[in-house]
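**Student:** Coordinates for the following, if possible.
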Amino acid sequence: MLKTLKPEQAIVVKLSSDVSVRTTIPESHYPALRSGFEGYPPNPRWNVSKFRAWKTGQQWRNDLKEGKMKVRRDRMLVFAKS
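**Tutor:** The predicted structure follows:
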């Protein structure tokens with residue numbers, strides 16, 4: 001019998017006091033995601049998955065600075081319309 005896999009549900013994660021985002025990154029990787037968004041360096045003890053979460057947070061931070069993303073009134077980080 002074949003199992004059907006359900007797509008992961010996106011969960012709202014608070015990146016900082018003023019910014020939240022909807023993502024499917026596992027809860028155990030949230031600290032790495034937040035540290036990347038806040039601009040902290042990666043921890044050398046992290047595994048590949050946590051490093052990718054950190055890199056995602058860093059990318060969101062850079063996109064926010066460049067105007068590719070914006071924070072809505074409800075403090076949710078979303079892509080800016082072109």
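
**Student:** contacts, neighbours, all on C-alpha from now
**Tutor:** OK.

**Student:** Show me what the longest helix anywhere in the chain is packed against.
**Tutor:** In the chain, taking DSSP state H as the definition, the longest helix is helix 48-66. In terms of contacts (3 or more CA pairs under 8 Å, 6 or more residues apart in numbering; DSSP states H and E), helix 48-66 is packed against helix 30-38, strand 69-71.

**Student:** Residues in contact with that helix: which ones?
**Tutor:** 25, 29-30, 32-39, 42, 69-70 (CA atoms under 8 Å, 6 or more residues apart in numbering).

**Student:** which two in the residues you listed are spaced the farthest apart?
**Tutor:** The span of the contacts of helix 48-66, defined through CA to CA, is set by P42 and K70 at 24.1 Å.

**Student:** still on that earlier bit, and the angle for the longest helix of the chain with helix 30-38?
**Tutor:** Interaxial angle, helix 48-66 versus helix 30-38 (axes from the mean of the first three to the mean of the last three CA atoms, to 10 degrees): 30 degrees.

**Student:** list the buried ones in helix 48-66?
**Tutor:** Within helix 48-66, the residues that count as buried by 16 or more other CA atoms under 10 Å are 50-58, 60-61, 64.

**Student:** Which member of these is positioned nearest L15?
**Tutor:** G57 (8.5 Å).

**Student:** any idea of the pLDDT on the closest one?
**Tutor:** Note for G57: predicted pLDDT of 97.

**Student:** same thing with W60?
**Tutor:** 96.

**Student:** same question, K6
**Tutor:** So, for K6, pLDDT stands at 63.

**Student:** among the helices and strands packed on helix 48-66, which is the most enclosed?
**Tutor:** Neighbour counts (mean count of other CA atoms under 10 Å) averaged over each of the helices and strands packed on helix 48-66 peak at helix 30-38, with a mean of 21.
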